[in-house]
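Chemist: with the input below, show me the fold.
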Amino acid sequence: MKYLILHFLNSLPLILAVSTANAMTGQQIYARHCANCHDTLADKLRAPSFEVLKLMEVSGIYKILRSGTMKKQALRLSFSEMIKVSEYITGKRLSDRPRKNLFVCADHMKSFGDWTARPHWNGWGAELTNTRYQSTEMGGLRVENIPRLKLSWAFGYYGATSALSQPAIADGKVFVGSESGDVVALDAKSGCLYWTYTASATVRTAIVLGERLQNKAVKTTVFFADVMGSAYGVDALTGQLIWKTKLDEHPYAKITGSPLVVGQMIYFPVSSREETVTEDSQYICCTFRGSVVALDLTTGRKIWKTYMIKEASHLQKANSKGVRLKGPSGVAIFTAPTYDAHTDLVYVATGNNYSDPSTENSDAIVAIKAKTGQIVWSHQVFGNDIFNSCRDNSNCPEKLGPDYDFASSPILTELKSGKRILLAGNKSGIFYALDPDAGGKELWSTKVGRGGSLGGIQWGSATDDSNAYVPVADLGRLHPEGEPKWGIYALNLEDGKHVWAHVAANLKCDPYQKKSSNACLPEAYSAAVTAVHGAVFSGTVDGKLMAFSTKDGGLLWEYNALHEFQTVNSVPARGGAFDGSGPVIVDGTVFVNSGYQRMKDGVGNVLLAFRVEN
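Modeler: As a prediction, the model looks like this:
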């Protein structure tokens, strides 16, 4: 009895704390546990504000808290508290049934033929070289018809505030992921639904198709990853899960870069959220290491994993505040790998270090043997770029770097002379040309943007046989002095010289500057661009989708997506900022996602399909 009384007295503080927490309202829980990050520090942490969160579906927020990206932050909450705060934010009850898709295809998906021989777009860059160029044969879109593009259909993502996953198109089907974790297969002509597979967390990678082997039969499979670090293989015909593999055990690991399929192997880049959690002074920074993971296409078995930092993180000397931090860390890979069939190498573009000391593969283009994972060469463009979101607390490195990641995939292409070059844009606003056959030796570099923590050059450029088409975002709180240079810049592949430029008319709107957050949407070119013969397509942060002539940069077509849409699946949807993934052009149709939660006025949740009006 004495032991029971002592045990009760010792447990009393915890019991009282739990009782107090359970008595709290959803508003009080939000104020205590959520408001600092989502109200006070939303811009700095790149976190959605309360105004953005309340646009989400209640089940989506509950899922994020219980098993998604906020699982670690929600450890102090009970399940009932998670429900309370989710219901408070959205103003909806968790028991409310979500609206189901009302436009289901009349027939099941029958079979896949040889989809590679017919119009398609697979993965991030259309080809393994990531040029983001679609031929007339595959794209079916001639430059003289672009001015007659009209909206054909719109598909709404239920309860979403962003639409970032780039679709794959094959055999007349559209495969695309969503913020809720739903990966859907749609009919390309009508937008009707064939099947839905629900991943454990948000899917923002492009979808990639490949052919796995099953009992000596070839089965078309869709591959993707979620923001909690898991990779998936799902049957393209049925939507049934074939395999699921955890790529990294770090609690803040995530996958944003799209996978790459080569033969019977698939390569995934690994990134993380650890850079932003350093705002918490109680967090000991930092332990994550970026990597590339190669899996077997059929089974999902790991074949190799190559870290961008050789040694594991460990305690370092004390910083200026007398705190011993951990390192080396960082060097995340945000973007899709690129494959070189000539040398059997995989190229990746890397990010900055999170904590001291700096390492040689940060802010670099790295070449890796496709079969073994061995690093062959690395070309670093910025050294000592050590950056995290510490806000001058104990997690700050000795010297905070400029945050000049590579956020776009390397592009492998050829000059008219036959010489091979590797192209890459950096958040510094510099576009580089390297020699892949000379250990990544720099051939030329051209400064096109002011630079900044959100670009410079952000998600991706495109090439044809003459030029590189480079979008400039120039956003973020950290940037050099001077006005941004939002626009599209055409650079000659031979020497990097300017061919033409389309520069935004209004350069004054910058939502990331102090006291002006969410006050405007700039004509910044952050999203990846896509080229066809004679034209380059680009979306802007202020919701415009445009096509420019590759000859002189003249505007061929423009569509403003900042409005509500009547969707084929009856889900309420609106267009927003174009950011992240770019347009996908197949068989005369332009498919593009619209919506980005980072800015309230840029929120959106819609997939748009445009066709030439007969």
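
Chemist: show me where the stretch 51-200 of the chain has helices.
Modeler: With DSSP state H, counting those that start in this stretch applied, the stretch 51-200 of the chain shows helices at 58-67, 79-90, 136-139, listed in chain order.

Chemist: what sits closest to Val499 if chain neighbours are left out?
Modeler: Ala490 (4.1 Å; Cβ to Cβ, 6 or more residues apart in numbering). No exception for glycine: its C-beta is placed from N, CA and C like everyone else's.

Chemist: looks like that neighbour contacts Thr550 (just checking).
Modeler: Yes. Under the contact definition of Cβ atoms under 8 Å, Ala490 touches Thr550, with a separation of 7.0 Å.

Chemist: list residues touching both of those two?
Modeler: 467, 469 (Cβ atoms under 8 Å, 6 or more residues apart in numbering).

Chemist: next, the buried residues of stretch 145-164.
Modeler: Using 16 or more other Cβ atoms under 10 Å as the test for burial, stretch 145-164 gives 146, 149, 152-164.

Chemist: do stretch 300-320 as well
Modeler: Residues of stretch 300-320 classed as buried under the neighbour-count rule (16+ other Cβ under 10 Å) are 300, 304, 306-309, 313, 316, 319.

Chemist: same question, stretch 32-41
Modeler: Buried positions in stretch 32-41, judged by neighbour count with 16+ other Cβ under 10 Å: 33-34, 37-38, 41.

Chemist: now those in CSV, with secondary structure and pLDDT?
Modeler: As requested, these are exported to CSV (DSSP: H, G, I helix; E, B strand; the rest coil; pLDDT from 0 to 100):
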residue, secondary structure, pLDDT
His33, helix, 75
Cys34, coil, 78
Cys37, helix, 71
His38, helix, 79
Leu41, coil, 63
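
Chemist: and of those, the nearest to Ala573?
Modeler: Relative to Ala573, the closest of the buried residues of stretch 32-41 is His38; by Cβ to Cβ it sits at 23.3 Å.

Chemist: so where does the residue nearest the centre of the chain fall, helix or strand?
Modeler: Central residue of the chain (Cα atoms, centre = their mean): Thr256, 4.2 Å from the mean position. Thr256 belongs to no helix or strand when assigned by DSSP states H and E.

Chemist: now swap in Asp542 and tell me
Modeler: In this structure, Asp542 is located outside every helix and strand according to DSSP H and E.

Chemist: isn't it up against Pro522?
Modeler: Yes. Applying Cβ under 8 Å, one finds Asp542 in contact with Pro522, separated by 6.1 Å.

Chemist: which neighbours do these two share?
Modeler: Cys509.

Chemist: okay, Val262: pLDDT?
Modeler: On pLDDT, Val262 comes in at 98.

Chemist: using the three-state scheme, assign the nearest residue to it once chain neighbours are set aside.
Modeler: Once flanking residues are discounted, Val262 sits nearest to Tyr339: 5.2 Å by Cβ to Cβ, 6+ apart. Following DSSP: H, G, I helix; E, B strand; the rest coil, the label given to Tyr339 is strand.

Chemist: Gly554: what's it in contact with?
Modeler: In this structure, Gly554 makes contact with Phe548, judged by Cβ under 8 Å, 6+ apart.

Chemist: and the helices in the protein?
Modeler: For the chain, the helices defined by DSSP state H occupy 2-23, 26-33, 35, 42-45, 50-53, 58-67, 79-90, 136-139, 274-277.

Chemist: thinking again about what came up before, check contacts around the residue nearest to Val262.
Modeler: Going by Cβ under 8 Å, 6+ apart, Tyr339 touches 128-129, 260, 262, 345-347, 370, 412.

Chemist: out of the residues you listed, who's the most crowded?
Modeler: Neighbour counts for the contacts of Tyr339 (other Cβ atoms under 10 Å) peak at Leu260, which has 30 neighbours.

Chemist: hang on, it packs against Asp340?
Modeler: No. Taking contacts as Cβ under 8 Å, Leu260 lies outside contact range of Asp340: 11.4 Å.
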